[in-house]
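Peer 1: no letters, just coordinates:
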């Protein structure tokens, strides 16, 4: 499943911390805030207003502005250096308190929609490495320079954030980049701290596999549980505010004891089932994925806030029996319903 739906692009639901970091990075080069914010409908004053919310597209357009203003080739790395995990609110603090780096990787990918995401992000294991992969998410970006800028910043941020969690001595094994290294090879090696290979099929960062079981400096089992609950709520709010995905999610959440079929949802939206499927596919999701999200959210609420039995929760969520519900809940959360409830009451 993609790490986030592309329909988040225009939703003004994020704090402007990335734009603030970009403004600060290029100010040192003599590029004014007005040049960065050109055409965004934002001012320096709004950036300091706690009520200001921005979209991913506004940030991407700001990156394009600084490129057109002649920003140096090191700008994406300098911007990333200003974006430590503490800038990311609950999402960042949750990553810092992950019990292991494996948990950190899993959490980081699952809740990536909370981080003003500009790339698709996944991770996998090989025999020797733990590998983060980054792919472009938005086809509307025609500028090669902007696309490369976003990849460079995301790769640099990934390394900085993991160093925030485990310490500054961590060095990746290698970086693979999907663009040429002309003019930028030395900059990459300086900021990424590893051998960089250009003109690759994908953009990846390879870490030694043994770090997966390492504990972050601030790892805390209790804190991560509390913060994960908050991130689940924030993730649900993000989905509910976004495109057709959000409309379907809201319909399902309004019918928690008898989820409507895909056909019924399409009728409520006054479109055909085929059109609904096509629209959801364009947003990187499916009716089944949204139904799973709704069931998971409701199951967690029932387990935390009620004394309903597993059998009753399974029946309410439309499962044929409690065994199927337990398997699904384990797949969604990595925990059994019993373990989840026990952890919530600890």
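Peer 2: Yep, it's here. Since the model is a prediction, treat every value here as computed from it, not as a measurement.

Peer 1: got the contact list for residue 215?
Peer 2: By CB atoms under 8 Å, 6 or more residues apart in numbering, the contact set of residue 215 is 99, 100, 101. From N, CA and C alone the C-beta is placed, and that goes for glycine too.

Peer 1: in PyMOL, how would I select the buried members of those residues?
Peer 2: Of those, the buried ones go into a single PyMOL selection, burial set by 16 or more other CB atoms under 10 Å:
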select buried, resi 99+101
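
Peer 1: what sits up against the helix or strand of the chain with the lowest mean pLDDT?
Peer 2: Each helix and strand of the chain was given a mean pLDDT (mean pLDDT, DSSP states H and E); the minimum falls on helix 221-240 at a mean of 74. Helix 221-240 is contacted by residues 5, 8, 11, 13, 90-91, 93-94, 97-99, 103, 107, 111, 113-114, 245-246, 249-250, 253, 290, 293, 297, 300, 304, 343-344, 346 when judged by CB under 8 Å, 6+ apart.

Peer 1: give me the buried subset of those residues.
Peer 2: Neighbour-count burial within the contacts of helix 221-240 applies to 5, 8, 11, 13, 90-91, 93-94, 97-99, 103, 107, 111, 113-114, 245-246, 249, 253, 290, 293, 297, 300, 343; the criterion is 16+ other CB under 10 Å.

Peer 1: among those residues, which are in helices?
Peer 2: Those of these mapping onto helices are 90-91, 93-94, 103, 107, 245-246, 249, 253, 290, 293, 297, 300, 343, per DSSP state H.

Peer 1: quick one, grab the pLDDT at the most centrally placed residue in the chain.
Peer 2: Per CA atoms, centre = their mean, the C-alpha nearest to the average position across the chain is that of residue 112, at 1.1 Å. At residue 112, the pLDDT value in this model is 88.

Peer 1: in the stretch 1-150 of the chain, where is pLDDT below threshold?
Peer 2: Along the stretch 1-150 of the chain, segments meeting pLDDT under 70 span 1-8.

Peer 1: one more pass at 50, please.
Peer 2: Counting by pLDDT under 50, the stretch 1-150 of the chain contains low-confidence ranges at 1-5.

Peer 1: where along it do the strands fall?
Peer 2: Taking DSSP state E, counting those that start in this stretch as the criterion, the stretch 1-150 of the chain carries its strands at 119-125, 129-136.
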